[in-house]
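Colleague: The following block contains a protein sequence and its predicted model.
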Amino acid sequence: MQNVKTSVIGSYPVKVNNLELMNGYFNQKKSSWKKYIDMAVNDQVKAGIDIISDGQTRDPFVNIFTRKLDGCRIRGRTEVIDKVRYIEPITVNDQVYVKKIIPKNKEIVGLITGPYTLMKSCVDLFYDNKKELAFDFAKALNHEAKNLEKYVDLISIDEPFYSVETPEYAKELIQMVFKNVSCNKRLHVCGDVSKIIPKLLEMPVQILSHEFKASPHLFDKFKEYDVSKNICLGSVRSDKTTIETVDEITKHINCGIDVFGEKISQISPDCGLRHQPRNIAYQKLKNLVIAGEKIYG
Ligand SMILES: [Zn+2]
């Protein structure tokens with residue numbers, strides 16, 4: 001039987017009690033954040049997901065990285081005020097914790113927000129050169145990837161901006177993040193990627209992840225190419241609260257199989273589930289798992 005795994009793209013909706021966290025911080029109870037990671041991880045495990053994330057509960061996906069990079073400060077958005085440098089591990093400790101609390105048969109996906117998306121999301125008050133800033137983010141993220149790969153089974157770069165604009169150095173940026181990193185690699189680009197498929201197929205990753213549920217026309221677009229990469233098939237919407245039925249998801253996966261066949265190695269939601277109510281996010285994952293079992297079980 002083909003080894004297709006259920007996965008997530010990243011964020012999971014957990015309501016954080018800031019007052020409680022602040023009290024914990026001032027009372028030196030530094031472990032208080034673990035409660036939120038527990039919630040995100042336990043929901044994924046309970047739903048039956050194979051490749052688990054830490055839920056990115058601490059911060060939205062840009063600030064979670066820039067908060068710990070030298071040269072950045074957060075004023076609502078991130079401002080770049082000096083040369084961007086890596087000082088210390090960013091997400092690694094959370095992954096070490098996730099590894100401790102998940103069952104042995106589960107895997108972990110480490111999440112990295114891509115350098116181009118970081119660059120586009122920041123207010124640059126220092127570089128005045130987009131490319132240079134993007135490459136400095138990529139160099140910093142390379143340190144994080146090298147630290148992260150010791151603890152995770154897969155690293156996923158989330159680079160949504162590539163569907164809006166793809167710089168001519170798009171591939172080099174991803175190469176820089178993954179320089180001397182040997183674990184399994186995935187690139188997630190949500191949005192309409194139909195115009196950049198040839199560029200995506202050249203990326204230095206084994207797995208491409210896209211939102212096929214919200215953009216089913218991608219099936220026809222991908223059909224025009226010889227797809228050499230594995231596919232993580234977005235199969236439930238992350239922007240709609242309607243819970244897809246198992247039948248609906250099964251049909252969708254079968255459409256994917258018609259195009260990609262055995263190249264499908266993972267099924268997942270279209271994107272992170274941060275904006276969903278927690279009970280709906282959970283049910284979407286649960287139905288995804290049941291649909292996956294029906295087809296691949
Ligand atoms: Zn996404």
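Modeller: Structure received. Numbering: from 1, shown residues only.
Colleague: and Val16, how many neighbours?
Modeller: 14 (other C-beta atoms under 10 Å). C-beta: built from backbone N, CA, C; applies to glycine.
Colleague: mind checking the SS state of it?
Modeller: Using DSSP: H, G, I helix; E, B strand; the rest coil, the structure places Val16 in coil.
Colleague: what sits against it?
Modeller: 36, 57 (C-beta atoms under 8 Å, 6 or more residues apart in numbering).
Colleague: Do you know the pLDDT at it?
Modeller: Per-residue pLDDT puts Val16 at 74.
Colleague: how near is it to the ion?
Modeller: Going from Val16 to the ion by C-beta to the ion, to the nearest Å gives 21 Å.
Colleague: Report the secondary structure state of whichever residue of the stretch 1-150 of the chain sits closest to the ion.
Modeller: The minimum distance from the stretch 1-150 of the chain to the ion, using C-beta to the ion, falls at Ile9 (5.6 Å). Under three-state DSSP, Ile9 falls in the coil class.
Colleague: With Asn105 instead?
Modeller: Secondary structure assignment for Asn105 (three-state DSSP): coil.
Colleague: what bits of the stretch 1-150 of the chain have low per-residue confidence?
Modeller: Within the stretch 1-150 of the chain, the stretches with pLDDT under 70 are 1-2, 20-22, 24-31.
Colleague: That one: strands as residue ranges?
Modeller: 5-6, 51-52, 69-75, 77-86, 107-113, 123-124 (DSSP state E, counting those that start in this stretch).
Colleague: can I get those strands in a markdown table with distance to Leu173?
Modeller: A markdown table is the format used below for the strands of the stretch 1-150 of the chain (distance: least, C-beta to C-beta, whole Å):
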| stretch | distance to Leu173 |
| --- | --- |
| strand 5-6 | 27 |
| strand 51-52 | 24 |
| strand 69-75 | 16 |
| strand 77-86 | 13 |
| strand 107-113 | 12 |
| strand 123-124 | 16 |
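Colleague: Tabulate those (CSV), appending distance to the ion and mean neighbour count.
Modeller: Below are the strands of the stretch 1-150 of the chain laid out as CSV (distance: least, C-beta to the ion, whole Å; neighbours: other C-beta atoms under 10 Å):
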stretch, distance to the ion, mean neighbour count
strand 5-6, 17, 22
strand 51-52, 16, 25
strand 69-75, 21, 16
strand 77-86, 19, 17
strand 107-113, 10, 25
strand 123-124, 22, 14
